[in-house]
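*Asks:* give me the fold of what follows.
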Amino acid sequence: MSDLAAQREHCIEVTRKGPPARTKNPFFGVGPITDMVLDDAEGRKNTFAFNRWLENTYRKLDDKGNDIGPFTTSEIGRSMHRGYPADAILLDMMHHIHRYFGFPKANQIAVGLGGGHSGFTVAIMHLMNPNLDGQKLFVDTPKPESDDAKAGGFFRQSWGTQILELQRFAENGHEDKVVFADREGTIPSADELEAMNITLFVGVGHETTGATTYTEKEVSSLLTWLERDPDNRHAMIDATSMLGAMPWSQDVVEAFMSKCCLFTPFQKAIGGISGYFLASFTPAAMQLIEDNQKNPAWAIARQLKLVVPKDAKKPLTGEKTVGLGPFYDPETNKMTGGVINTFSSLAFAETTYGLLRVENMFGPVSVMNQRSAANRQCINDWLAGQTLLEPGVDAADKRGAAVTLLRVNDPDITDADIHNRIILRSKQLLGYEGLTHPNGWHEAGLDAARYVNAFPGTPGDYRAWIGGIRDSDDIVALLENISYAYNRAKIVVLEEILAEAGTAFEVEASGEANARKDDPNRAYRILVADLVGLKFDADGKPDPSEVKAHVEAQGGTFTLGGWDGADLPAGQHFFYLPDLSTQEELTAACCDGQYDAVIAAATFFPENATFPEGGVRIGAGTGNMACTSWGGGDGSGGAAPLMNTPSFNSRATAQMVMKSLLKVMPDLDVAEMHDRVVKGDFDTGKHLRDYPTEKLEGKRMGVIGYGNIGREVAKLAKAFGMSVAVYARERHKDWIESEGFIYAASPEEAAAGADVLSPHTGLGAKGADGTFANAGLVGASVLNALNDGAVLVNYDRGEVVDAEALGDALASGKVRYAAIDADLFVAEDGSLFGPMVPYRPLIEKFADRLELLPHAAADTEHTSRVEGAKQAVDQILSAIRYRKVINVKGDVPEGYTSGGAQTVPGVGAVSGENIEKAAEDTNALKNLRDASETLAAIWGAIEATRDPVKRAELIARHGKDLTLAANMLQRECDTFGLNGRYDG
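*Replies:* Numbering: from 1, shown residues only. As a prediction, this is how the structure comes out:
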């Protein structure tokens, strides 16, 4: 028992880091190349893409040949299997299958109902004929019920069994006419086949079940044998896992496709939902089929028959020919006859679409062959670097390029029953079922590899399709997940065995994402250096009680005043000093290691202030946080994290921008009108005409910057009916245009023809010369691009506008009104400093055209400040307790992880967290899905309907539902902040 416990501990140790990266698609049980999508969302999008492709490809034509609209998926799905477009869909599918896989034009392809065994039955019953003198078969599998064959079970023996039964029950049949191989997938040399007098080679023992393939030497030998007597020798091969996975040189591939007869089911070899097979035949084989029907050995069921009477009136006695059979003739690009059984046009169209999609993704089938061979080599290389897994096929050149077979080499598990238990449980973990330990702990399924069962009798524990549709990194992910799942399953099985002996185990630690990383014996001191409550309390002082309560709810303490040097109990202690102002005060308070971290809003810190655990600026930007602890105001290169709380004051600032604008646009003199009304000096009928004005709707606003505030300003302007041009980096172009704004490639372009200009870029990075990147961004060239009489609102940073250029623009009338909101400070000697200073002289000339505010637009809004401060508290605690940095500015320092971005819903970029919150709300998620699917269905139908009468009927029938769905979708998106650009 101690040995089992030690094995368990070893497995725990090797899986300590948790599961490896998941595979992109967990389905490894079949080999369709057309069904490969990354996830369910991609699959649904692919369905929509298929619908659109179908509509674009198959069009309705009137009696004059004019295009009158598409056939839709629903129309074709309503039992359309004859005439147009069904005939075109069938022909297109056969054409593209023939073309893509490289079948030669001389070879025709039959199509019929059923899978691989149906294709085999069709081929063998038409090519084998006991009445034909001298015909002898070689089958590349062991003889049924021989010692070598029994281990393979019924499925693997079924091919040979059918051949022997046909021979056994035919009048002239004899089992001696069939030679079987000693082992699966064997091709004798050309000389050996010739010496055995073989005329028909049947290849059904490779690849699919045993994960073997023919070597290039074997294939070349088979081709040599065929070439020695091409009229009388034939090879019939199961190509289920060959198409797109032939690991041979291109000339050998081409010769193989040309000289061999191949059969395969659509679903496994090509993909889709079509339950049909194809079988290609060489010209010599077609002649053999027709000759055999002149002296048949058995009756062939109608649905399998490839020969058709020449005279339809004589189906029993008339001469029969392949010329009217269910074949595709590539020479004429026609079907020589119809498909015997009713087919699904929709399924056939899906097959064609899938082939074209793969061709578009990867290129010709030769590339697929190369990718398959590369995946086989990838597996060989990976297996060579470890000892747990080994190939089920010993010879490297015999290992499949479409299917791989793996077995576990675990010297500690010698009992076959225990081994099989572990393998079974590992497949539960690889799938979605997961594993439940004896102590009740459930490990969720990895959903990384479904249906990886090896066939009974094969030397392997796992079997997976690994053809060229897969990327090599997905193959590595598969192998790593199998290895991980085996070790985790072994833990469970060993625990079950040990539990029977009375040994119980604690639940394993389930990851460290939420594990505290702060020192439990240490007191952390956090300085709060600005007001965190702007409303007044009963004593007439700004009230921080809401933030104080939040800190205490998070397990911290909140102290009014600074740290006095006294010892503190372990934990996080917040000290509130909102009146620090001068450099002398800040230096005395922050530059000798008094505090570990800081929360601030407008306070400018000296560079030598030290906060080794990090800092958060309440609001956007961090230009005032210039401490070297985090590498300066841009947060790059320091040992401590710098963060901000973007978006909390974004709406407040944007609303103040509009408040400023609405003072002058529309330019209705409401004060004068009010006075005249009060005096009784106004007659509405006579005097309104004396006050003409123009509404905001139709005017143009230029916004410079697409950050949180700039975007909110743009949204409000758009709500007033203004057209909005936004300048931002080019990577934002698609997002800007997606919201209905105009993308401007430069500040001048944003200002061109604008009636209002509003910059929102922030200061930008500080250069080596001490100036900021965006200082003077709005200069003469930008202002001169405006319409005459424009309005400038700078509620960003004062330095962003060139004050001298603004003076010139005011003087010329280019700007008729300007509103500036910028910091202004008073030094101890009474002198003024700050970015507002350059604007003050303009008041002398333009007093009635200039409004100056002391950076009050956002910093006077109580709710924004409180909510921003609460989030700042959470971010500091996250950085200290969990080493997780939220809203990082600049670099994530070593030892920390990124917690992503966190903003007010609807402000700033959409994040994964926004989507997660919507997904966690059951009703919202249902509404989002219902609305989206309703919109997709109705708009898709409207687009596909060209006839104006039918389109009107659709709109009348579904217009209400469409509009309600649009409103619901907009409502839910607004609620969860799902508009704007995405930044996961």
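*Asks:* can you show me the helices along the stretch 401-550 of the chain?
*Replies:* Under the criterion DSSP state H, counting those that start in this stretch, the stretch 401-550 of the chain contains helices at 416-430, 472-500, 545-553.
*Asks:* these into TSV, with extra columns for mean neighbour count and distance to residue 230?
*Replies:* The C-beta positions use only the backbone N, C-alpha and C, and glycine is treated the same way. Below are the helices of the stretch 401-550 of the chain laid out as TSV (neighbours: other Cβ atoms under 10 Å; distance: least, Cβ to Cβ, whole Å):
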stretch	mean neighbour count	distance to residue 230
helix 416-430	19	47
helix 472-500	21	39
helix 545-553	17	86
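*Asks:* distance to residue 768 added to the ones you listed, as JSON lines?
*Replies:* Putting the helices of the stretch 401-550 of the chain into JSON lines (distance: least, Cβ to Cβ, whole Å) gives the following:
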{"stretch": "helix 416-430", "distance to residue 768": "56"}
{"stretch": "helix 472-500", "distance to residue 768": "42"}
{"stretch": "helix 545-553", "distance to residue 768": "38"}
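*Asks:* mind checking which of those helices is nearest residue 198?
*Replies:* Closest approach to residue 198 among the helices of the stretch 401-550 of the chain is made by helix 472-500 (37.3 Å; Cβ to Cβ).
*Asks:* part of a helix, is residue 701?
*Replies:* No: under DSSP: H, G, I helix; E, B strand; the rest coil, residue 701 sits outside any helix and is assigned strand.
*Asks:* for it, list the residues it contacts.
*Replies:* Taking Cβ atoms under 8 Å, 6 or more residues apart in numbering, we find residue 701 in contact with 713, 714, 717, 722, 723, 724, 725, 754, 755, 756, 757, 758.
*Asks:* cool, and residue 315?
*Replies:* Applying Cβ under 8 Å, 6+ apart, the residues contacting residue 315 are residue 309.
*Asks:* for it, what are phi and psi?
*Replies:* Main-chain dihedrals, residue 315, degrees, to the nearest 10: phi -70, psi -20.
*Asks:* where's it relative to residue 585, distance?
*Replies:* In this view, residue 315 and residue 585 are 107 Å apart by Cβ to Cβ, to the nearest Å.
*Asks:* how about the helices of the stretch 401-550 of the chain, which one is nearest residue 285?
*Replies:* Residue 285 lies closest to helix 472-500 among these, at 36.3 Å (Cβ to Cβ).
*Asks:* what's the per-residue pLDDT of the residue lying closest to residue 421 once chain neighbours are set aside here?
*Replies:* Nearest non-adjacent residue to residue 421, counting by Cβ to Cβ, 6 or more residues apart in numbering: residue 493, 5.0 Å away. Residue 493 is assigned a predicted lDDT (pLDDT) of 96.
*Asks:* OK, contacts around residue 493?
*Replies:* Going by Cβ under 8 Å, 6+ apart, residue 493 touches 418, 421, 422, 425.
*Asks:* one more time with 10 Å, if that's ok
*Replies:* Contact analysis of residue 493 by Cβ atoms under 10 Å, 6 or more residues apart in numbering lists 4, 8, 413, 418-426, 435.
*Asks:* pLDDT check: weakest of those?
*Replies:* Across the set of the contacts of residue 493, residue 4 stands lowest in pLDDT, at 90.
*Asks:* tell me, how many neighbours does residue 48 end up with?
*Replies:* By the criterion of other Cβ atoms under 10 Å, residue 48 has 12 neighbours.
*Asks:* and it, backbone torsions?
*Replies:* Residue torsions, per degrees, to the nearest 10, at residue 48 are phi -60, psi -40.
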